[in-house]
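Enquirer: Build me a model from this:
(chains A and B)
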There are 2 protein chains.
Amino acid sequence: MFTQPQKIAFSLPTWISDYTNHVSVIQEIEDRVKFVIEASRRNIDEETGGPFAAAIFERDTGKLISLGVNLVQKEGLSILHAELIAIALAQKKLGTYDLGSPKMAPHEIVTSTAPCAMCFGAIPWSGVRRVIAAARDEDARNIGFDEGPKLKDWRGALESRGIEVICDLQRERALSVLSEYVRLGGLIYNARQT
Amino acid sequence: MFTQPQKIAFSLPTWISDYTNHVSVIQEIEDRVKFVIEASRRNIDEETGGPFAAAIFERDTGKLISLGVNLVQKEGLSILHAELIAIALAQKKLGTYDLGSPKMAPHEIVTSTAPCAMCFGAIPWSGVRRVIAAARDEDARNIGFDEGPKLKDWRGALESRGIEVICDLQRERALSVLSEYVRLGGLIYNARQT
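Expert: Numbering: from 1, shown residues only, chains lettered A, B, ... in the order given. Here you go, the predicted model:
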């Protein structure tokens, strides 16, 4: 007889409550990016996942809506990249699968490294109106991570859908987390290439 | 004080247990595709989601591992496309984020419509070694669904990673489900285009 799980569930690491506890609004964009990068650092320090974090904010006010981190290894699910988790948390919290609903304030996703092919593809469905990324694709690739088969002009593809893209904010800081992960001997899991 | 959900959980519609109950192995590839397309039909008949389904099989034996359906509206999460659900269910069931682990039999994903940009990007991370798709991108677009900003040569991009791609199997049957969804007045949710 065939059986499969009837349910998928995953939980955030417990340190995230502490980390976000006193945060409500982050006005400056650079500070939003720092907040996300330091979450990616914490995720490796706490050994709860890969060196990646992402958050959803109200774009214009800087109100924090959700914070996700990479949980691929911890939960054993390849789809659990930081961006997908941040999107799901925000949608659950706000009770809608569309963060761009005309009834709501516009939202943005801030990510510690430019989105991989999957997360890039998830962005238009999420309803966010802006993407802010710290480290580049090539920075992730340089430490051995695979960003997947992504459109060369992924920024243009989002912009043409009215989604603003800002890159390279706090890139050096994000790079220092990627390097730290390598130094600590963190697992670089990859899809096989051939 | 900031709060967000500490957990994300979603459940399969109850009809899936009945639908899969007597299935263990489906030897012929065409029959695997029919099984998935009929699940997509059931998903609209039962009003549990959009007209899309996907399953993971052992490629060489046809052993069914998981079956997912589109649950975007039901669960209020934009990431819950059939392919991502099928991948997550299979990984949870087998206890690994890599369905392509050398210790395991090779796996494939069979999907009722060619993957959107997000699901395409998720495929290399999943570890599946083959993709089989019934309806084409353009078939989904023709009824108003948006496949997202996808590489023009998405098949080539997967093939170059050693992932075989077979398209157009039982395409007419899959198309009949997409048309039925439109006839029933099913919601075509979309990311806004501008």
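Enquirer: hey, let's count contacts and neighbours off CA atoms from now on
Expert: Noted.
Enquirer: So which elements touch the longest helix that chain A contains?
Expert: Determined from DSSP state H, the single longest helix within chain A is helix A:29-45. In this structure, helix A:29-45 makes packing contacts with strand A:53-58, strand A:64-69, strand A:107-113, strand A:130-135, helix A:171-183, judged by 3 or more C-alpha pairs under 8 Å, 6 or more residues apart in numbering or on different chains; DSSP states H and E.
Enquirer: Select, out of those, the one closest to chain B.
Expert: Chain B lies closest to strand A:64-69 among those, at 6.1 Å (C-alpha to the nearest C-alpha).
Enquirer: Tell me how many other residues crowd A:L94.
Expert: Neighbour count of A:L94, defined by other C-alpha atoms under 10 Å in any protein chain shown: 15.
Enquirer: B:E83 versus that one, what's the distance?
Expert: 24 Å (C-alpha to C-alpha, to the nearest Å).
Enquirer: Repeat that for A:P102.
Expert: From A:P102 to B:E83 the distance is 28 Å (C-alpha to C-alpha).
Enquirer: Quick one: neighbours of A:V131, just the number.
Expert: A:V131: 24 neighbours (other C-alpha under 10 Å).
Enquirer: ok, it - contacts?
Expert: Listed by C-alpha atoms under 8 Å, 6 or more residues apart in numbering or on different chains, the contact partners of A:V131 are A:E108, A:I109, A:V110, A:T111, A:I163, A:E164, A:V165, A:I166.
Enquirer: mind listing what the third one touches?
Expert: To tie it back to what came earlier, the one meant is A:V110. A:R32, A:V33, A:V36, A:A54, A:A55, A:I56, A:F57, A:V131, A:I132, A:A133.
Enquirer: now swap in A:F52 and tell me
Expert: Per C-alpha under 8 Å, 6+ apart, neighbours of A:F52: A:I37, A:A39, A:S40, A:R41, A:N43, A:V69, A:N70, A:H81, A:A82, A:T111, A:S112, A:T113.
Enquirer: Looking at these, which is nearest A:G186?
Expert: Using C-alpha to C-alpha, A:N43 comes nearest to A:G186 of the contacts of A:F52, at 11.3 Å.
Enquirer: The closest one against A:L67, yeah?
Expert: No. When contacts are counted by C-alpha atoms under 8 Å, A:N43 is not listed as touching A:L67 (11.7 Å).
Enquirer: Could you check which of those two is surrounded by more residues?
Expert: A:L67 (31 against 25).
Enquirer: Pairing partners for that one in the sheet, please.
Expert: A:A55 (DSSP bridges).
Enquirer: related to what we said a few turns ago, okay if I get the helices and strands packed on helix A:29-45 as a markdown table plus distance to B:I123?
Expert: Shown next, in a markdown table, are the helices and strands packed on helix A:29-45 (distance: least, C-alpha to C-alpha, whole Å):
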| stretch | distance to B:I123 |
| --- | --- |
| strand A:53-58 | 21 |
| strand A:64-69 | 20 |
| strand A:107-113 | 20 |
| strand A:130-135 | 23 |
| helix A:171-183 | 24 |
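Enquirer: now chain A, which segments are flagged as low pLDDT?
Expert: Across chain A, the ranges flagged by pLDDT under 70 are A:190-194.
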